[in-house]
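Structure, please.
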Amino acid sequence: MNRVTLTAAMSVLRQKLSELFSAQRAPAGYQPGRTLGQLRRNLGLARFEQVSPTLARVALDDDSLHLEIRERTESQLLMHLVMTEFSVRLPASTEGAASFALHHGGAVRRTGIHCRQRMGERALLGQLQARLQHDSALHQALMPLDFKRLHIELRDHQWHVRLEHMGGSEVVNRMPAFRRYIALSRVQRDALLAALVGLQRVLRTL
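Below you'll find the model as predicted:
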């Protein structure tokens, strides 16, 4: 097993262990599926199948996009957050393993989309950045999109996109007790779906 493959395997293992730990240590007051139900109304898509309390499979009417949406919890002092992660998988013609994180540039105003490579072949970073810059529709969707995390991974001959939005999430406080859902607005919903379609389009050309 070479170094790149070993690093990719360790990254996957850490993610799986984190998911397992979170599932076993659900925070007090967490109601699985509640946030997904709220998000379902925000998305307004006919093809929304909730396959478990914390996982849904969604498709656009024209079949241009199929994705999974998963609830993820994060415990903090006297409170917890429930986030929703949007995930897209598609076959990769590129071999090997790589991992990238996308983020907005600019400290106050957004100045662009930057891609940081976390592991893998360096040549892939230049190819991905070039395609991100030249796909104007994708750039227009990503710039106003309020995402917290956007990761792209290549492993096992598949591209895996994981996007966590600031909306479609819930804040639950124990003292004082309150529960607040942060809605996914119509503008953000449209930008989110356009961005996922665009990322799928770009990755198919790598």
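
what about Leu206, neighbour count?
15 (other Cβ atoms under 10 Å). Where you see a C-beta, it was placed from the backbone N, CA and C, and this is true even at glycine.

Lys148: what's its closest spatial neighbour, skipping adjacent residues?
Distances taken as Cβ to Cβ, 6 or more residues apart in numbering place Glu164 nearest to Lys148, at 4.8 Å, with adjacent residues excluded.

Can you read off the pLDDT for the most centrally placed residue in the chain?
Centroid check for the chain by Cα atoms, centre = their mean gives Leu163 as the closest residue, at 1.6 Å. Listed pLDDT for Leu163 reads 98.

who's it bridged to?
Phe86, Leu150 (DSSP bridges).

Would you confirm that it contacts Leu142?
No. Using Cβ atoms under 8 Å, Leu163 is not in contact with Leu142; the gap is 10.0 Å.

which residues of this structure score low on pLDDT?
1-24 (pLDDT under 70).

anything in contact with each of Leu163 and Leu142?
Ala195 (Cβ atoms under 8 Å, 6 or more residues apart in numbering).

where do the strands sit along this protein?
Shown for the chain, the strands assigned by DSSP state E span residues 47-52, 55-59, 66-76, 79-91, 98-105, 112-120, 147-155, 158-165, 169-174, 177-182.

Flag every buried residue along the fourth one.
Buried positions in strand 79-91, judged by neighbour count with 16 or more other Cβ atoms under 10 Å: His80, Leu81, Val82, Met83, Thr84, Glu85, Phe86, Ser87, Val88, Arg89.

Spit out the contact partners of the closest residue to the second one other than its chain neighbours.
Of all residues not flanking Leu81 in the chain, Glu74 sits nearest, at 4.6 Å (Cβ to Cβ, 6+ apart). Contact partners of Glu74, counting by Cβ under 8 Å, 6+ apart, are His80, Leu81, Met83.

now with 10 Å?
Each residue near Glu74 by Cβ atoms under 10 Å, 6 or more residues apart in numbering is listed here: Ser22, Pro27, His80, Leu81, Val82, Met83, Ser169.

With respect to Leu206, which of those residues is nearest?
Met83 (27.7 Å; Cβ to Cβ).

Am I right that the closest one is in contact with Arg162?
No. Contact status for Met83 versus Arg162: not in contact, 11.2 Å apart, counting by Cβ atoms under 10 Å.

Now for these two: what residues contact both?
With Cβ under 10 Å, 6+ apart as the test, Met83 and Arg162 both reach Arg70, Arg149.

Return the distance of Arg174 relative to Tyr181.
Separation of Arg174 from Tyr181 (Cβ to Cβ, to the nearest Å) stands at 17 Å.

oh, I was asking about Gly168
Applying Cβ to Cβ, the value for Gly168 to Tyr181 is 9 Å.

again with His165
13 Å.

between these two, who's got more neighbours?
More crowded of His165 and Tyr181, by other Cβ under 10 Å: His165, with 24 against 18.

Would you mind listing the residues in contact with that one?
Neighbouring residues of His165 by Cβ under 10 Å, 6+ apart: 39, 83-86, 145-150, 182, 184, 188-189, 191-192, 195.
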